[in-house]
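A.B. asks: Starting from these lines, generate the structure:
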Amino acid sequence: MNFSENLQNLRKAAGMSQEELAERLGVSRQAVSKWETDGGYPEMDKLLLLRDLFGVTVDELMMGRVEVDRANIRKKYHRLYTGFAKGIATGVALIIAGTSADMGEAFGPVIFLMFAAVGVALLTLFGVKKKNFEREHPYMPEIYSPEERESFTSRKMPYLIAGGVALIFIGVIITTLNVPYIARFSSSLMLLLIAAAVWLFIYAGLRCGMYDIKSYNIERDYEQGVKPDDTPEAVARKKRRYLGRNICGVIMLAATAFYLFMGFVASNWDPSWVVFPICGILCFAVMLVCKKGGNR
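C.D. replies: As a prediction, this is how the structure comes out:
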């Protein structure tokens, strides 16, 4: 199998058109077509880009027989991202659940810090696993059918979101009841229910994003940084996503600083937790705006 056949197989397995591949390489569609019809070979810098893009060696690309094992790639991707969704959701939920401890008690702050430490450890662990996987697989072929994506977004995701809303609604009802023995712990129960609801929201969102292979590949494109031969559209997409990530980082750091200040300095832990769901929704909105703007 020669270079032209290998390139065609890799491009088609990735679900890319010649125009899309040309845009990623900074060349014309005619150049890609020429390579795929044995009319020439790309320059070394383009070969290196193809190597990184499809996760193969230059020797395999030029002289080997490149076989795309979709079943194996799908299995690894699905297992990694399902675990990532659960791990990230659990980490955030634990941090929120830690705020349910009575900070007026002697062990309240200790319990909060323990929950926060475990939550941050989970976020870090699964974040590293995800980065390692993405480094090994810089480009992902289209491994899910439209029916599979539709099955989750239209059948499973609505139930997860509805379940989260129901938990928050139950928490609100509990805080309004003046039942003996329950009223004392109503705030803590409310926070635990919110933590469970946030788990459902985050899990649903990450699982939904898992099926969007195109966004996965766009993310890898952003991480490569702006190149001299990038089109103006590509430069704009990368800058918007970079800005969105920085804004979200600042928002969450500010939320954490505000919460800790209100707790340790102002001794006002109880209502301060609301900053986390508000900032989470704000970050989601920021990233959505950046993604929409970058896909125009």
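
A.B. asks: Tell me, how many residues neighbour Thr175?
C.D. replies: The burial count assigned to Thr175 is 14, neighbours taken as other Cβ atoms under 10 Å. All C-beta atoms are positioned from the backbone trio N, CA, C, and that covers glycine.

A.B. asks: do the same with Ile170
C.D. replies: With other Cβ under 10 Å as criterion, Ile170 counts 15.

A.B. asks: Could I get the contacting residues of the closest residue to it other than its chain neighbours?
C.D. replies: With sequence-adjacent residues excluded and distances taken as Cβ to Cβ, 6 or more residues apart in numbering, Ile170 is closest to Leu193, at 6.0 Å. Neighbouring residues of Leu193 by Cβ atoms under 8 Å, 6 or more residues apart in numbering: Leu167, Ile168, Ile170, Gly171, Ile174.

A.B. asks: so how far is Leu260 from the residue nearest in space to the middle of the chain?
C.D. replies: Nearest to the mean C-alpha position of the chain, by Cα atoms, centre = their mean, lies Leu206 at 6.0 Å. Going from Leu206 to Leu260 by Cβ to Cβ, to the nearest Å gives 27 Å.

A.B. asks: before we move on, the earlier item: so the residue nearest to Ile170, which of the three states?
C.D. replies: Per DSSP: H, G, I helix; E, B strand; the rest coil, the local secondary structure of Leu193 is helix.

A.B. asks: quick one: pLDDT of it?
C.D. replies: Note for Leu193: predicted pLDDT of 89.

A.B. asks: how near is it to Ile278?
C.D. replies: Taken as Cβ to Cβ, the span from Leu193 to Ile278 is 17 Å.

A.B. asks: Reformat the contacts of Leu193 as a markdown table; add secondary structure and distance to Tyr159.
C.D. replies: Output for the contacts of Leu193, formatted as a markdown table (DSSP: H, G, I helix; E, B strand; the rest coil; distance: Cβ to Cβ, whole Å):
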| residue | secondary structure | distance to Tyr159 |
| --- | --- | --- |
| Leu167 | helix | 13 |
| Ile168 | helix | 15 |
| Ile170 | helix | 16 |
| Gly171 | helix | 19 |
| Ile174 | helix | 22 |
